[in-house]
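Enquirer: predicted model, plus sequence, below.
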Amino acid sequence: MFRNGPYPDHGGSHVLGFIFLLIIVLGLLFLAASLWRSRNGHGHPHLGHHPHDEGHGLGHGPGTPALRILEERFARGEINADEFKASRDTLLNKP
């Protein structure tokens, strides 16, 4: 008489409802994480504007976009350690 308990069988709609609920919860978690990151300065920085930069624009001081690009190239293996050090010293105006 009660094959699925006292509840009628709805042809699997409870599975779809669970998936829909899971998508909503994951979306809300993603939204909360995005808002938290943007409020704490960890979002995607705009070129030439970063909370930790000294000054604005494409300058040559520490923490500038030019130095970050150099560090990224070194991390990707596009340049070796000697080229990195020489370029970094040039950007930081060290002899």
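Expert: That came through fine. For clarity, every value in this text was computed on a predicted model and none was experimentally measured. Numbers count the residues shown, from 1 in each chain.
Enquirer: got the buried residues for the helix or strand where residue 75 lies?
Expert: Here residue 75, judged by DSSP states H and E, is contained in helix 65-76. Along helix 65-76, these residues count as buried under the neighbour rule (16 or more other Cβ atoms under 10 Å): 65-67, 70, 74. For the C-beta atoms, the positions are set from N, CA and C on the backbone; glycine is no exception.
Enquirer: need the three-state assignment for residue 78.
Expert: Secondary structure state of residue 78, per DSSP: H, G, I helix; E, B strand; the rest coil, is coil.
Enquirer: quick check: it vs residue 24, distance?
Expert: Residue 78 sits 42 Å away from residue 24 when distances are taken as Cβ to Cβ, to the nearest Å.
Enquirer: and residue 69, by the same measure?
Expert: Distance, residue 69 to residue 24, by Cβ to Cβ: 39 Å.
Enquirer: ok, residue 66 next?
Expert: Residue 66 sits at a distance of 43 Å from residue 24 (criterion: Cβ to Cβ).
Enquirer: CSV for the buried residues of helix 65-76, including distance to residue 84 and pLDDT?
Expert: Below are these laid out as CSV (distance: Cβ to Cβ, whole Å; pLDDT from 0 to 100):
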residue, distance to residue 84, pLDDT
65, 16, 88
66, 13, 88
67, 11, 89
70, 7, 92
74, 4, 94
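Enquirer: closest to residue 87 among those?
Expert: Nearest to residue 87 out of those is residue 70 (Cβ to Cβ; 5.4 Å).
Enquirer: the residue nearest to that closest one when sequence neighbours are not counted sits in which helix or strand?
Expert: Distance criterion Cβ to Cβ, 6 or more residues apart in numbering; nearest residue to residue 70, sequence neighbours excluded, is residue 87 at 5.4 Å. In this structure, residue 87 is located in helix 81-91 according to DSSP H and E.
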